[in-house]
Each structure stands twice: as C-alpha cells, then as structure tokens.
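J.: sequence first, then the predicted structure:
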Amino acid sequence: MIPYGRQNISQEDIQSVVAVLESDFLTQGPQVPAFEKSMADYCQAQFALAVNSATSALHIACLALGVGKGDRAWTTPNTFVASANCALYCGADVDFVDIDPVTFNLCPLALEKKLLQAARDNCLPKVIIPVHFSGLPCDMQAIKQLADQYQIKIIEDASHAVGGKYLGNPVGHCEFSDITVFSFHPVKIVTTAEGGMALTNQPELAEKMALYRSHGVTRDPDLMQGESDGPWYYQQVDLGLNYRMTELQAALGLSQVTRLDQFVSKRHQIADRYDQLLSSLDVVSPTRTEQSYSGLHLYVIQVPAEKRLSLFKYLRAEGVGVNVHYIPVHTQPYYKEMGFKSGDFPVSETYYSQAISLPMFPDLSQQDQDFVVQKLAEGLCR
C-alpha cells in the first residue's frame, strides 16, 4: 500500500536519537532548547516553545492569550478537530468561518461579513485561528487587517505549513499573528514522532506559554514570590499542564530540520508532476498562489462528488492509500450537540464531498506516482 504520507528517517536522525539515549538527559536537557533555537532562527521569530503535540501548542496559545469562559474563538470547518477543541479546553465558545472555494482556507470575505454581524450583535471573538490547510498559507494580511480593526488576537494553525512562506517570509515569522503553531506528527513536513511548537515575537506570551507547558512551575526569581529557600527552590505561580517535549523528540527534530528545505522542494517537484499527469483527468488539482509558497503537506484533488466513495474504495483496494482531509468540524456529533448542523458552512461541505488526498511525501517515487495516477484514471472510468 502506498500511504498518503510517510516520514523520512535518515541514519543521521537515528544516530541523533541514539546519542540522547546514551546521554544523561532523556528529558529537560540541551536538545529541546537547541531545537527551539533552530526553528526560531529558521522562521525569523523571537521565541519558539517545543511541546508534545500541536494540540498542546494550540491549547497553551489560547491560555496565553487569556481565552476563557465567556470568550469566543473562530476557526475554519476545514481542519482537524484540534483547531477548534483548543478553545473549548479553555471554556470558550467556538464558531466557524467558511472557506474560500479555491484555496480551501478560511475566506477573508466570509470573515469580514461575519465580523460585521458579530459587531452588531456584540459577540465578537477574542481570537481567530486560521488554518494553513495542506500547507498553503491563508491570506494572513487580509485576516490581520480585519482582526486589528476589531481588536482580535490571531493564532496561526500552521500545522501543515512548516517550511512554507508567505509574502516572502517564512511561515512562523508571526508578522500577521500573535502566535504560530507547528505540528511534527510523522506525516507532517518534519517529524519528532509526536510533537509541536508555538512561536511568537511577544516575550510576555512566550513567558506564559513556557509556564503553561510545565505545570505553571518556575525557578525564575523574577516570577516567584518572597525569598528562595535554596538552589533547589521552585514555585507554582499558575495552573499549567505537562506538555513538555522529550530530548529524544527534540534530537530527532533538530536532525530533521537540516533537511526541511529539501523536503519541501521535493514535495513541490512531486506536486508539479501530479499537476501535469492529472491535467487530462476529470479532477481539479490544488491551487498554489503567487503570494505563498506552500509547505505541501497534502495534495488534495477534487473529484465528482457522485464518484468519490467508489473511487476511494477502488484506490484503496488497488494499493493506493488515499485519504480524505477533512470532515467539516461542525458536522461532528460533538459539535452538532452545540447546535451546529449540516448546511451551516456550505462551501466547506461541498469541498468535503469532492476531496481526496493523494499520496504526498518526499520519498514518493515516480514509478509509484505513475501507479497512483494510473489507478486514479481507471477508477474515474469505472
């Protein structure tokens, strides 16, 4: 079976992890800060905080921005549930903004319309969480202009977009957001097995997120109350969680980042070839925009809705591990219990009914890619 995504692990990656296993630190050692610095430098951001998943990064980002009971957070329906759940963890309410029918990202025009109505109804969100779906950055400049107009904070969910660029700057630069979040899940651009990261240019947010990821405990005298009892002393100054990344994960990430540009470049070569091979088929290839350089985590095509199920089953039966990204969050049973229903966000639902993710990873061979397209063509003709 050709999977839709797969990690690339080199001998250098393995040696990096083995070196940690042979060291004195399996957690809270030098590898995590080194990995954080490598990502901050790469993204040209001031601060980077490694955590055990992108979900954890989204959660501490919401906490650092003060999202809580009585607040609202808006995101896109076309994402994994974590992009919305992070605000629910904080006691906030969640709503959605429909997607652009070409980019499949949160639509600035739909956002503007929804914000106008929310301002009239006195129910504006505290935070907006745009998602760089498949690695293609959202129109962050337009989103930021709207957010500034209504004094709303922004968390970029860039889980798919490590190594991407927007208006010439690396995703994670945080020019148009308060915090940017990355994922290092095995099928993402680079991996730490499981892991995530939050980047920001605001020291107060970095300080808060550092506390929230580690029990709210600090050894920093500037954050503690009263006198220290000695060199061992620490204080819990907030209610945090255990979201730390291990040294093993960080060592793997640190090694992987040295190949980040290579990984993304290879994904673009594969996407270019897909574009050519699929040009005569009854499918719509994904869009790439002039203002953005996609991380190309996914290569999602649109197929006739009436053929999607049978085509999916045929491809899987023939050894092509296609997938579907994503079932609109508002149609999940948990969210329907909140009052959301099918039909609320029609562009996202139409997109979902036609979407299939083809295999996309740097080690995908031309032979396997040809096989994918051959089976796709056969399935469309059945």
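T.: Done, it's in.
J.: if we go by neighbour counts, what in stretch 288-296 is buried?
T.: 288, 292-296 (16 or more other Cβ atoms under 10 Å). All C-beta spots, glycine's among them, are computed from the backbone N, C-alpha and C.
J.: closest to residue 161 among the residues you listed?
T.: Within those, proximity to residue 161 (Cβ to Cβ) peaks at residue 295, which comes in at 4.2 Å.
J.: which residue packs closest to that closest one, ignoring adjacent ones?
T.: Excluding its sequence neighbours, the residue lying closest to residue 295 (Cβ to Cβ, 6 or more residues apart in numbering) is residue 135, at 3.1 Å.
J.: residue 199 too?
T.: Per Cβ to Cβ, 6+ apart, closest to residue 199 is residue 45, 4.3 Å.
J.: what sits against that neighbour?
T.: By Cβ atoms under 8 Å, 6 or more residues apart in numbering, the contact list for residue 45 reads 39, 172-174, 180, 199-201.
J.: looking at those, point me to the pair that's furthest apart.
T.: Among the contacts of residue 45, 39 and 201 lie farthest apart (Cβ to Cβ), at 13.6 Å.
J.: can you pull the phi/psi pair for the closest residue to residue 186 other than its chain neighbours?
T.: Leaving aside its chain neighbours, residue 186 sits nearest to residue 7 (4.4 Å; criterion: Cβ to Cβ, 6+ apart). Main-chain dihedrals, residue 7, degrees, to the nearest 10: phi -70, psi 160.
J.: quick one: pLDDT of residue 7?
T.: Looking at residue 7, its pLDDT reads 96.
J.: got it, and the one 4 residues further on?
T.: At residue 11, the pLDDT value in this model is 98.
J.: next one: the one 5 residues further on
T.: pLDDT, residue 16: 98.
J.: ok so, going back, part of a helix, is the residue nearest to residue 199?
T.: No. Per DSSP: H, G, I helix; E, B strand; the rest coil, residue 45 lies outside any helix segment and is coil.
J.: strands of the stretch 251-382 of the chain, start to end?
T.: When assigned using DSSP state E, counting those that start in this stretch, the strands of the stretch 251-382 of the chain occupy the ranges 292-293, 299-302, 355-358.
J.: want to throw these into TSV with mean pLDDT?
T.: Below are those laid out as TSV (pLDDT from 0 to 100):
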stretch	mean pLDDT
strand 292-293	97
strand 299-302	98
strand 355-358	98
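J.: for those, give me TSV that also has distance to residue 54.
T.: Output for these, formatted as TSV (distance: least, Cβ to Cβ, whole Å):
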stretch	distance to residue 54
strand 292-293	20
strand 299-302	19
strand 355-358	18
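J.: nearest residue to residue 157 other than its sequence neighbours?
T.: residue 131 (4.3 Å).
J.: nope, residue 282 is what I meant
T.: Per Cβ to Cβ, 6+ apart, closest to residue 282 is residue 380, 5.7 Å.
J.: can you count the residues close to residue 12?
T.: Neighbour count of residue 12, defined by other Cβ atoms under 10 Å: 11.
J.: now it. Nearest residue, chain neighbours left out?
T.: That would be residue 255: by Cβ to Cβ, 6+ apart, it lies 5.4 Å from residue 12.
J.: need the contact list for the one you found.
T.: 10, 12-13, 16.
J.: swap in residue 149?
T.: Taking Cβ under 8 Å, 6+ apart, we find residue 149 in contact with residue 115.
J.: could you check how far it is from residue 166?
T.: Remark: distance between residue 149 and residue 166 (Cβ to Cβ, to the nearest Å) = 20 Å.
J.: same thing with residue 249?
T.: Residue 249 sits 27 Å away from residue 166, going by Cβ to Cβ.
J.: residue 204 now?
T.: Residue 204 is 24 Å from residue 166, by Cβ to Cβ.
J.: same question, residue 304
T.: Residue 304 is 32 Å from residue 166, by Cβ to Cβ.
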